[in-house]
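> Fold the stuff below for me.
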Amino acid sequence: MNKAHKETIRTRFISTAFIVLALAIFKPFGLEVWQWQTYVHLMALFILGILCCFITEVILRYIIRMPRSYDRGINYIISRNLRFQSINTPLVALVICIYRHVAMSYWADGNKLSLSNFLETLMIIAFLSFTIGLYWRFKFRSRYLSVELEETKELNEQLKKLQISNAVNQQQTENDVLTENTYQNSQITLEGNTNESVTFEISNLLYIEAVGNYVKVIQIHDGEVKTNMLRATMKQMEDKLQDYAMIVRCHRAFMVNLGQVEQISSNSRAMKLVMQQCHDVIPVSRSNVNKLKELLEQL
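Now for the predicted structure:
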């Protein structure tokens, strides 16, 4: 059993123990009418809670395909924890309701299995799960920040290596097309749905932004940042530039030239690309974060 698995088990035990302790203090579900039997019921609820946690882990790992990992970035960790809570909370509430009906309905009124009892239990468990979740988030904040900083550092290193490699390849081959993963060091013309068009060297493109029925093409021209407007869609631009692997769709409204990205910044909320020359900040949508990471590794 590796360190990550041991820590997962320890976390689940502490979380379940916290919930059972809260139930012991506030005594919902008629627990106040019991004497020594209360401790038996609390122990049973603890065991059921642990069982639910492991069932949720199995669901995440083998059905949703989200194994526990600290190597996939902060966004993955947060997303997995949220999914764990969204599955585990109603599962625990349902199991407790069934236990109340089977083992506690004889002596305490109101423990029969019903929708109202389920909703009551769900509210209690959801509140306790939220509370313990805040505790773990605070406790692991430094670790999350460390993972986040390390991940951003690695992405920036991969980006710089990619840019250096691409620059060397351009110098070696001048105007020839090398591979699909490098620039074609020549001019390209983007056309709109009307008569407007813009021609530039592909290496000088900074980014393309969708603005209503138009796209805004940002490029470097004679050492200065120049903007051109075309009446076109992002899909048209994507199709036109699909042969250039360095030009990627990072957002519903943005395509960027990775060769012109100055820096990648990332936190638990979002990833952003800071462009050279103009220093504009381009957002990366959550659905494109993993795609961008994989692309940097492949290129």
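> if you skip the residues just before and after it, what's nearest to Leu230?
Excluding its sequence neighbours, the residue lying closest to Leu230 (CB to CB, 6 or more residues apart in numbering) is Gly192, at 3.6 Å. For the C-beta atoms, the positions are set from N, CA and C on the backbone; glycine is no exception.
> Quick check: that neighbour vs Asn257, distance?
20 Å (CB to CB, to the nearest Å).
> and these two? which has more neighbours close in?
Asn257 (25 against 19; other CB atoms under 10 Å).
> quick one: pLDDT of the more buried one?
Turning to Asn257, the model gives it a pLDDT of 93.
> dump the residue contacts of the residue lying closest to it once chain neighbours are set aside.
In this structure, Asn257 finds its nearest non-sequential neighbour in Leu205, 4.7 Å apart by CB to CB, 6+ apart. Listed by CB atoms under 8 Å, 6 or more residues apart in numbering, the contact partners of Leu205 are Val217, Ile218, Gln219, Ile247, Asn257, Gln260.
> avg pLDDT for stretch 24-35?
Mean predicted confidence for stretch 24-35 is 83.
> what about that stretch, how long is it end to end?
12 Å (CA to CA, to the nearest Å).
> what's the one helix or strand Leu91 maps to packed up against?
According to DSSP states H and E, Leu91 maps onto helix 74-99. Packing contacts for helix 74-99, counted by 3 or more CB pairs under 8 Å, 6 or more residues apart in numbering; DSSP states H and E, involve helix 36-58, helix 115-139, helix 141-173.
> Reformat these as CSV; add mean neighbour count.
Formatted as CSV, those follow (neighbours: other CB atoms under 10 Å):
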stretch, mean neighbour count
helix 36-58, 16
helix 115-139, 15
helix 141-173, 15
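> Wait, the residue nearest to Leu230 touches Arg231, no?
Yes - counting by CB atoms under 8 Å, Gly192 touches Arg231, with 4.3 Å between them.
> hey, what's in contact with both of those two?
By CB under 8 Å, 6+ apart, the residues touching both Gly192 and Arg231 are Tyr214.
> what's the spacing between the residue nearest to Asn193 when sequence neighbours are not counted and Arg252?
Computed as CB to CB, 6+ apart, the closest residue to Asn193 that is not its neighbour in sequence is Arg231, at 4.8 Å. From Arg231 across to Arg252, the span is 18 Å (CB to CB).
> so what's Leu205 bridging to?
Gln219 (DSSP bridges).
> how about the helices and strands packed on helix 74-99 in a markdown table, adding distance to Arg100?
Compiled in a markdown table, the helices and strands packed on helix 74-99 are given as follows (distance: least, CB to CB, whole Å):
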| stretch | distance to Arg100 |
| --- | --- |
| helix 36-58 | 9 |
| helix 115-139 | 7 |
| helix 141-173 | 36 |
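> mean pLDDT for these: which is lowest?
Minimum mean pLDDT among the helices and strands packed on helix 74-99: helix 141-173, a mean of 76.
> Which elements pack onto it?
Checking 3+ CB pairs under 8 Å, 6+ apart, helix 141-173 ends up next to helix 74-99, strand 261-266, helix 286-298.
> now the last one and strand 261-266, what's the angle there?
Between the axis of helix 286-298 and that of strand 261-266 there is an angle of 120 degrees, by axes from the mean of the first three to the mean of the last three CA atoms, to 10 degrees.
> With the first one instead?
Using the same axes, to 10 degrees, one finds that helix 74-99 and strand 261-266 are set 20 degrees apart in direction.
> Give the buried residues for helix 74-99.
By 16 or more other CB atoms under 10 Å, the buried positions in helix 74-99 come out as 74-77, 80-81, 84-85, 87-97, 99.
> Equivalent analysis for the shortest one, please.
Residues of strand 261-266 classed as buried under the neighbour-count rule (16+ other CB under 10 Å) are Val261, Gln263, Ile264, Ser266.
> residues touching the closest residue in space to the first one that isn't next to it in sequence, list them.
The spatially closest residue to Val261, leaving aside those adjacent along the chain, is Leu273, at 5.0 Å (CB to CB, 6+ apart). With contacts defined as CB under 8 Å, 6+ apart, the neighbours of Leu273 are Cys250, Val256, Val261, Gln263, Ile264, Ser265, Val281, Ile282, Pro283, Val284.
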